[in-house]
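K.L.:
no FASTA, just this:
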């Protein structure tokens with residue numbers, strides 16, 4: 001039995017029964033948390049002196065297209081229409097299988113560097129079976145905990161060996177049987193069906209993708225109500241469509257949900273579905289407000305996600321900070337009062353930390369395994385150094401505030417997944433080789449876009465393709 005003891009840590013458990021402890025020991029056995037307490041008196045374990053460190057649960061990213069880590073900042077000033085045209089139609093088509101490997105491995109190492117120990121990877125650029133195999137290989141080699149979601153989307157401008165949706169379903173079953181026969185391990189299977197707008201009016205096409213997920217025992221992650229109806233600009237009815245098809249349930253995480261009728265929220269809540277909000281892209285790209293307060297009031301489990309590294313960083317804390325302060329501002333405006341009128345805010349830093357840990361774990365259906373420092377759960381743990389330049393001087397009564405508002409990848413010195421150090425003394429294992437591989441992949445993709453006249457020309461070409469498809 002492998003035993004490791006974190007000794008004398010400042011502990012933020014995100015477990016209401018444990019709370020915060022200012023001097024705590026945490027014992028790990030075979031990758032799980034075995035005990036938490038003060039002066040456990042353990043001597044037969046590898047001891048790590050955690051004095052001066054805040055120990056907290058690993059962050060949980062509920063929505064991330066990891067393969068886009070090779071094209072940073074490409075979408076920095078883009079709308080959602082630009083994203084579809086420039087990424088989905090053009091750029092995605094230039095990714096080779098080996099590029100999926102390099103991008104997925106590196107993107108997840110970047111996430112670990114920022115303390116994201118669990119990622120729901122919406123891998124929706126599986127042009128060939130080799131693309132899927134290589135993306136999955138890179139995912140496993142990263143050492144991260146991942147729900148790797150088989151995406152049914154294919155760029156409309158490439159030749160693909162998949163003749164139709166039925167062929168994709170057969171491939172999913174084959175892949176699941178070969179790679180996910182055992183439910184153990186850090187990487188588990190999810191499924192990401194196409195958006196309803198891509199079903200071309202064929203609801204059986206969509207239903208079969210959801211059904212395949214159920215047959216494989218996989219959780220479903222679905223872009224839902226992220227746009228207004230393209231024809232009449234009415235709010236979307238994706239939730240109703242899914243419910244009518246009998247595919248909406250507690251094994252479903254609905255992503256975005258901004259352009260939703262109120263009854264769509266209620267119907268999702270009644271079905272036991274969870275939500276994932278990605279405020280950085282939702283606010284930028286016109287996907288409407290990520291209404292975390294409404295979700296909380298309805299009792300809908302939700303977490304936050306990064307979405308795309310072609311736009312923003314993999315540091316989930318920046319997402320938590322953005323959502324926290326934006327929602328505080330929205331609620332002040334909704335209440336019609338100014339800050340001099342009363343004390344306190346409507347949303348706390350502790351709530352924000354919950355969104356990024358236990359809330360996210362619940363939205364992924366993994367709250368029995370991760371999301372809090374609780375005996376019996378996986379030992380996915382972050383250690384922030386309070387002596388670091390950016391942490392020293394923090395309020396000892398505001399531990400969640402110190403983590404959310406002042407935590408950075410730089411003062412996050414150690415990261416453990418299943419009790420194993422994947423980042424130690426500020427260095428992520430395998431980062432140097434991963435960066436070299438990603439640089440080669442990135443050079444290939446940028447060269448491909450340059451051959452089209454550069455990113456702006458590629459974007460224009462993508463819009464032309466979309467216009468032709470729409471008729």
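P.N.:
Structure received. Bear in mind that the values here come from a model prediction, so they are computed numbers and not experimental data. Residues are numbered from 1 along each chain as shown.
K.L.:
quick check: mean pLDDT across whichever strand or helix holds residue 333?
P.N.:
Assigned by DSSP states H and E, residue 333 belongs to helix 316-335. With pLDDT averaged residue by residue, helix 316-335 scores 97.
K.L.:
Point out the other helices and strands that that helix packs with.
P.N.:
In this structure, helix 316-335 makes packing contacts with strand 59-65, helix 279-284, helix 292-298, strand 302-304, helix 349-354, helix 399-406, judged by 3 or more CB pairs under 8 Å, 6 or more residues apart in numbering; DSSP states H and E. Using the backbone N, CA and C atoms, a C-beta is placed for each residue, glycine as well.
K.L.:
quick one, which of these is nearest to residue 462?
P.N.:
strand 59-65 (16.6 Å; CB to CB).
K.L.:
now the angle between helix 399-406 and the closest one, please.
P.N.:
40 degrees (axes from the mean of the first three to the mean of the last three CA atoms, to 10 degrees).
K.L.:
Give me the mean pLDDT for strand 59-65.
P.N.:
For strand 59-65, the mean confidence score works out to 98.
K.L.:
Listing partners with orientation, what would you give for the helix or strand where residue 146 lies?
P.N.:
Applying DSSP H and E as the criterion places residue 146 in strand 145-151. According to DSSP bridges, strand 145-151 has the following sheet partners: strand 116-123 (parallel), strand 187-192 (parallel).
K.L.:
what pLDDT, on average, does the last one get?
P.N.:
This predicted structure assigns strand 187-192 an average pLDDT of 98.
K.L.:
How far off centre is it?
P.N.:
12 Å (CA atoms, centre = their mean, to the nearest Å).
K.L.:
Touching that strand from outside, list them.
P.N.:
By CB atoms under 8 Å, 6 or more residues apart in numbering, the list of residues contacting strand 187-192 from outside reads 120, 122-124, 136, 139-140, 145-153, 172, 176, 179-180, 209-210, 212-213, 216-223.
K.L.:
Quick one, which of the residues you listed are buried?
P.N.:
120, 122-124, 136, 139-140, 145-153, 172, 176, 179-180, 209-210, 212-213, 216, 218-223 (16 or more other CB atoms under 10 Å).
K.L.:
all helices of the stretch 351-471 of the chain, in order?
P.N.:
360-363, 399-406, 431-451, 455-470 (DSSP state H, counting those that start in this stretch).
K.L.:
which one of those helices is the most hemmed in?
P.N.:
Stretch with highest mean neighbour count among the helices of the stretch 351-471 of the chain: helix 360-363 (a mean of 28; mean count of other CB atoms under 10 Å).
K.L.:
Outside of it itself, list whatever touches it.
P.N.:
Counting by CB under 8 Å, 6+ apart, 59-62, 118, 253, 274-276, 301-304, 367, 369-372 sit against helix 360-363.
K.L.:
do that again at 6 Å, thanks
P.N.:
60, 62, 253, 274, 276, 301-303, 367, 370-371 (CB atoms under 6 Å, 6 or more residues apart in numbering).
K.L.:
Please report how far residue 420 lies from residue 26.
P.N.:
Separation of residue 420 from residue 26 (CB to CB, to the nearest Å) stands at 15 Å.
K.L.:
quick one: which of those two has more around it?
P.N.:
Counted by other CB atoms under 10 Å, residue 420 and residue 26 do not tie: residue 26 has more neighbours, with 26 against 17.
K.L.:
pLDDT value on the more buried one, please?
P.N.:
Residue 26 carries a pLDDT score of 98 in this model.
K.L.:
Helix or strand: which one has it?
P.N.:
strand 20-29.
K.L.:
so what secondary structure elements neighbour the next helix-or-strand element following that strand?
P.N.:
Next helix or strand after strand 20-29 toward the C-terminus (DSSP H and E): strand 32-37. Counting contacts by 3 or more CB pairs under 6 Å, 6 or more residues apart in numbering; DSSP states H and E, strand 32-37 packs against strand 20-29.
K.L.:
May I see the buried residues of the strand it packs on?
P.N.:
Applying 16+ other CB under 10 Å to strand 20-29 flags 20-21, 24-29 as buried.
K.L.:
Out of these, flag the one nearest to residue 40.
P.N.:
residue 25 (4.2 Å).
K.L.:
next one: phi and psi at the residue lying closest to that closest one once chain neighbours are set aside?
P.N.:
Nearest residue to residue 25 in three dimensions, chain neighbours excluded: residue 40, at 4.2 Å (CB to CB, 6 or more residues apart in numbering). Dihedral angles of residue 40 (phi, psi; degrees, to the nearest 10) stand at phi -60, psi -20.
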